[in-house]
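>>> can't give you the sequence, but here's the structure:
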């Protein structure tokens, strides 16, 4: 009897897995189509400016136009939030039922994992995925900055370290020395990246609302406040997703301690 019950529970878990998978795929497709239609409609309106003059009239005259505009504006935001919730429920429920079914199928003496534990595990796994993705973005970004710095300073006869120093004949200097090479007939293939790095760093600080000398703890504190404020699941404003991505990009850059150290050493050597 226990094995029969365990088999039924596992079969139901597989059914839910397929059902939720289909529902998630359907809503994601609908969201993508809605976003695509919104872009097409926006392009048509911007191209045919004359229609904009009549748009308020059409908006109030035809109710279906009002509904369509509201739908393509609001549904992508709500749809993405609902998909994230369904993924959370799908993982927690299916994994719980599979474990529950195995418990009876195998006459296990070990208690199966509770439903709340699977919910916590899902959140932990998502956080780990985000952490690994952030570390990978930081690694690629760091490699790109190092490449640009090396190309510039090697072109000008300088040795370069990873934090903004470069040297010639054993003498360390600030980045302004690099400009002097252009006055002596050098045809530089690469553009000096230091000003670009400093500008990027300070723009990201402005995005997070921290001072240019902020440490990693202040950066993290402000990031958490802004990420919560602009998270698309909480903030339903039209620009919330773009702002949330901007905040994340800023934190990706500033949470890299090498970037903080490089900026401070460059500024101290100017």
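On my side now, so go ahead. Model, not experiment: these values are computed from the prediction.
>>> worst-scoring helix or strand of this structure, pLDDT-wise?
One helix or strand of the chain scores below all others by mean pLDDT, DSSP states H and E: strand 171-173, with a mean of 40.
>>> Any stretches of this protein with poor pLDDT?
Applying pLDDT under 70 to the chain picks out residues 41-66, 69, 108-112, 156-191, 269-270.
>>> Show me it divided up by domain.
The record's domain parsing of the chain by the TED database lists 1-109, 110-156, 191-266.
>>> so where do the helices sit in the stretch 1-150 of the chain?
2-47, 49-61, 63-105, 115-155 (DSSP state H, counting those that start in this stretch).
>>> Need the ones you listed in TSV (columns: mean neighbour count and distance to residue 253).
(C-beta placed from N, C-alpha, C; glycine too.) As requested, these are exported to TSV (neighbours: other CB atoms under 10 Å; distance: least, CB to CB, whole Å):
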stretch	mean neighbour count	distance to residue 253
helix 2-47	13	27
helix 49-61	10	38
helix 63-105	16	25
helix 115-155	14	7
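>>> Any chance of those in JSON lines with distance to residue 268 as columns?
What follows is the helices of the stretch 1-150 of the chain, written out as JSON lines (distance: least, CB to CB, whole Å):
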{"stretch": "helix 2-47", "distance to residue 268": "46"}
{"stretch": "helix 49-61", "distance to residue 268": "52"}
{"stretch": "helix 63-105", "distance to residue 268": "44"}
{"stretch": "helix 115-155", "distance to residue 268": "17"}
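>>> Out of these, the one nearest residue 225 is which?
Checking these against residue 225 by CB to CB gives helix 115-155 as the closest, at 17.5 Å.
>>> from the chain's centre, how far out does the closest one sit?
Distance, stretch centre to chain centre, for helix 115-155: 10 Å (CA atoms, centre = their mean, to the nearest Å).
>>> Show me what that helix is packed against.
Packing partners of helix 115-155 (3 or more CB pairs under 8 Å, 6 or more residues apart in numbering; DSSP states H and E): helix 63-105, strand 159-160, helix 194-208, helix 240-254, helix 257-269.
>>> what do you get if the cut-off is 10 Å, keeping everything else the same?
Contact here means 3 or more CB pairs under 10 Å, 6 or more residues apart in numbering; DSSP states H and E; on that basis helix 115-155 packs against helix 63-105, strand 159-160, strand 166-168, helix 177-180, helix 194-208, helix 240-254, helix 257-269.
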